[in-house]
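Student: what follows is a predicted protein model with its sequence.
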Amino acid sequence: MTLSDASAVVDADVALEPALLTHEDRARLLTYMATMRSAEERALSLYKQGKVPGSFYDGRGEEAISVGAAFALAPRDRLCILHRDLGAHFVRGVTVERYLANYMGRADGVTGGKDGNMHFGDRGLGCVGMVSMLPDMALVAGGIALAMKMRGEDRVAMTFFGEGSTANGQWHEAMNLAGVQRLPVVFVLENNRFAYSTPNELEFAVEPVRRAAGYGFPGVEVDGNDVEAVFVAAHAAAERARAGGGPTLIECQTMRMHGHGAHDDMGYVPPELLAEWEARDPVERYAARLVADFGFAAAAVEAIREEARALVAAAAERALASPLPDPALAREGVFAERWEPLGDGAAPWSGWAEGRAAR
């Protein structure tokens, strides 16, 4: 089963909900979150085996944010995706095999082995390559949105960042430009309680979501561990942007359940705080909700999760078999030799917008 075939395990006897999300959509949301969880678990295991060079970064506990937000966009929209937002790559069509191969520096990785870590993007899928220094991607997203506005295009840009980014001057520049120009951009802020080891109370005196008004656009706060709450907020923000209403800042309340990177033991995090958020695990919560609120059979939900685990296991084997890159190609594709527009999103797509258009 592919990611886009998640509906195959949904109880076919249950009628579709007369709302934005159908049963098929909800099965896909769980599939993407479960796949992100399994893929990052496998990548962390490979890192501990010495098969991933450098360090490793994941988004455990934050799966609902990248999946819910990306799922709300259309194929021609653009995403600036960061290191805890793997689910957005999967929604756009990046495969688990390419993700794992990239972390291992293999030729079949997204960057073809030119970067053995999380710095990757796929132009054809509308995913902009990550800039490591945060929150520089907010400026990149703003520039993309400005180009969209100048060309009169029906498109939206979106980017993600942690709350620590809001203490950086470049973040304020990006927000100010977006507000002044009324750019079609959605800023998704992942408040995961810590900027590396700095807790919220030492990061800012005013909650980031309240700052949006100072730049002339709305700020919305949502439960970042509720994938549908994130989807609804992102959908509304994208529609507002398309209508010329300008940017929106969505602050998603969540928790970083692992360290800043695999090298970080999180000794600075109170154990009771982790326990509190473990009880709000986004994958477990949504799996339970599908059964309790949306008529999914428990066996169907477990099948979705098992299919995700199987998909990751098979992808890992293929990624491990991927060859190392040819050194002779090291200089190819590093610098742009000619101007090329971002892809039009024509590659395989299984997000909400395409499915809705087909119905």
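Tutor: The structure has been received and is ready for your questions.

Student: which stretches of this structure have low pLDDT?
Tutor: Along the chain, the model assigns pLDDT under 70 to residues 1-18, 339-359.

Student: where do the strands of it begin and end?
Tutor: For the chain, strands defined by DSSP state E occupy the ranges 78-80, 127-128, 157-162, 185-191, 194-195, 198-199, 219-223, 248-253.

Student: compute the inter-axis angle for the longest one and strand 219-223.
Tutor: So the one you mean is strand 185-191. Interaxial angle of strand 185-191 relative to strand 219-223 (axes from the mean of the first three to the mean of the last three C-alpha atoms, to 10 degrees): 50 degrees.

Student: between strand 185-191 and strand 157-162, how many degrees?
Tutor: Going by the same axes, to 10 degrees, strand 185-191 makes 20 degrees with strand 157-162.

Student: distance to Leu44 and mean neighbour count for the strands of the chain - can I get that in CSV?
Tutor: C-betas here are computed from N, CA, C, even on glycine. Below are the strands of the chain laid out as CSV (distance: least, C-beta to C-beta, whole Å; neighbours: other C-beta atoms under 10 Å):
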stretch, distance to Leu44, mean neighbour count
strand 78-80, 24, 28
strand 127-128, 22, 22
strand 157-162, 19, 28
strand 185-191, 19, 29
strand 194-195, 19, 22
strand 198-199, 24, 14
strand 219-223, 26, 19
strand 248-253, 23, 26
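
Student: can I get those in a markdown table with distance to Asp281?
Tutor: Shown next, in a markdown table, are the strands of the chain (distance: least, C-beta to C-beta, whole Å):
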| stretch | distance to Asp281 |
| --- | --- |
| strand 78-80 | 24 |
| strand 127-128 | 26 |
| strand 157-162 | 19 |
| strand 185-191 | 16 |
| strand 194-195 | 18 |
| strand 198-199 | 21 |
| strand 219-223 | 13 |
| strand 248-253 | 14 |
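
Student: for Asp115, find the nearest of the ones you listed.
Tutor: Among the strands of the chain, strand 127-128 comes nearest to Asp115, with 14.0 Å by C-beta to C-beta.

Student: partners of the closest one in the sheet?
Tutor: strand 78-80 (parallel) (DSSP bridges).

Student: which other residues reach the partner strand?
Tutor: 70, 73, 88, 92, 126-128, 130, 137-138, 140-141, 144, 148, 155-160, 342 (C-beta atoms under 8 Å, 6 or more residues apart in numbering).

Student: neighbours of Ala88, just the number please.
Tutor: By the criterion of other C-beta atoms under 10 Å, Ala88 has 29 neighbours.

Student: does it really touch Ala72, like I thought?
Tutor: No. With contact defined as C-beta atoms under 8 Å, Ala88 does not count as touching Ala72 (10.7 Å).

Student: distance from stretch 217-231 to the middle of the chain?
Tutor: With C-alpha atoms, centre = their mean, to the nearest Å as the basis, stretch 217-231 stands 14 Å off its chain's centre.

Student: return it as CSV; C-alpha atoms alone will do.
Tutor: Extracted C-alpha coordinates of stretch 217-231, given in CSV (Å, rounded to 0.1, in the frame of the first residue of the first chain):
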residue,chain,number,x,y,z
PHE,A,217,-2.2,40.3,10.6
PRO,A,218,-4.0,37.7,12.6
GLY,A,219,-2.4,35.3,15.1
VAL,A,220,-4.2,32.0,15.8
GLU,A,221,-3.4,29.6,18.6
VAL,A,222,-4.2,25.9,18.2
ASP,A,223,-3.6,22.6,19.9
GLY,A,224,-0.5,21.4,18.0
ASN,A,225,-1.2,17.8,19.0
ASP,A,226,-4.6,17.7,17.3
VAL,A,227,-4.0,17.2,13.5
GLU,A,228,-7.5,18.3,12.6
ALA,A,229,-7.2,21.5,14.6
VAL,A,230,-4.0,22.3,12.7
PHE,A,231,-5.6,21.4,9.4
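
Student: how far does the helix ranked longest in the chain sit from the chain's center?
Tutor: The single longest helix within the chain, with elements called by DSSP state H, is helix 23-48. With C-alpha atoms, centre = their mean as the basis, helix 23-48 stands 12 Å off its chain's centre.

Student: buried residues in that helix?
Tutor: Buried residues in helix 23-48, counted by 16 or more other C-beta atoms under 10 Å: 23-40, 42-44, 46-47.

Student: which elements pack onto that helix?
Tutor: Applying 3 or more C-beta pairs under 8 Å, 6 or more residues apart in numbering; DSSP states H and E, one finds that helix 23-48 contacts helix 63-71, helix 86-92, helix 96-103, helix 227-242, helix 282-294, helix 298-321, helix 352-358.

Student: circling back to that earlier point, relative to Met266, which of the strands of the chain is closest?
Tutor: Of those, the one closest to Met266 (C-beta to C-beta) turns out to be strand 194-195, at 8.5 Å.

Student: now that closest one, how far from the chain's geometric center?
Tutor: On C-alpha atoms, centre = their mean, the centre of strand 194-195 falls 18 Å from that of its chain.

Student: contacts for it?
Tutor: Here strand 194-195 makes contact (C-beta under 8 Å, 6+ apart) with Gly162, Glu163, Gly164, Ser165, Ala167, Asn200, Glu203, Arg256, His260, Tyr268, Val269.
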